[in-house]
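Visitor: pasting the structure only:
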């Protein structure tokens, strides 16, 4: 898939989180810079952020919220393939055994 523009990334994040684009722009900007606009990479990163609790639904705010500083400082691989390979290390040993 071709890379998306910053605006398209913001639309994707806005739609995914069911929030207005003006609210998601800061998160979308961070994701754009980390993923270079790769749609698949953005999706995988958002899933990972949710697992790490850097992106989570807040009952207090009644919407999705995120930890911008944590996300910005997070080290991620340069490619989606490397990112996915690194995520395999988090799988339980029996799952890794079944995959090999």
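Guide: Everything's here; your move. Worth saying up front: this structure is predicted, and the values here are computed from it rather than measured. Numbering: from 1, shown residues only.

Visitor: Against residue 43, how distant is the residue lying closest to residue 25 once chain neighbours are set aside?
Guide: Leaving aside its sequence neighbours, residue 25 sits nearest to residue 10 (Cβ to Cβ, 6 or more residues apart in numbering; 5.4 Å). Every residue, glycine included, has its C-beta placed from N, CA and C. Distance from residue 10 to residue 43, counting by Cβ to Cβ, to the nearest Å: 15 Å.

Visitor: The two: who's more crowded?
Guide: Each of residue 10 and residue 43 has its neighbours counted (other Cβ atoms under 10 Å); residue 10 has more, 22 against 15.

Visitor: so who does that one touch?
Guide: Applying Cβ atoms under 8 Å, 6 or more residues apart in numbering, one finds that residue 10 lies in contact with 21, 24, 25, 28, 29, 32.

Visitor: What subset of the residues you listed is buried?
Guide: Buried members of these, scored by 16 or more other Cβ atoms under 10 Å, are 24, 25, 28, 29, 32.

Visitor: counting residues per helix, which one in this protein is longest?
Guide: Criterion DSSP state H: the longest helix present in the chain is helix 21-35.

Visitor: gap between that one and the chain center?
Guide: How far helix 21-35 lies from its chain's middle: 10 Å, per Cα atoms, centre = their mean, to the nearest Å.

Visitor: helices and strands around that helix, which ones?
Guide: Contacts defined by 3 or more Cβ pairs under 8 Å, 6 or more residues apart in numbering; DSSP states H and E place helix 21-35 against helix 6-17, helix 39-51, helix 68-73.

Visitor: Export those helices to JSON lines and append columns for mean pLDDT and distance to residue 58.
Guide: As requested, the helices and strands packed on helix 21-35 are exported to JSON lines (pLDDT from 0 to 100; distance: least, Cβ to Cβ, whole Å):
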{"stretch": "helix 6-17", "mean pLDDT": "98", "distance to residue 58": "11"}
{"stretch": "helix 39-51", "mean pLDDT": "93", "distance to residue 58": "13"}
{"stretch": "helix 68-73", "mean pLDDT": "96", "distance to residue 58": "14"}
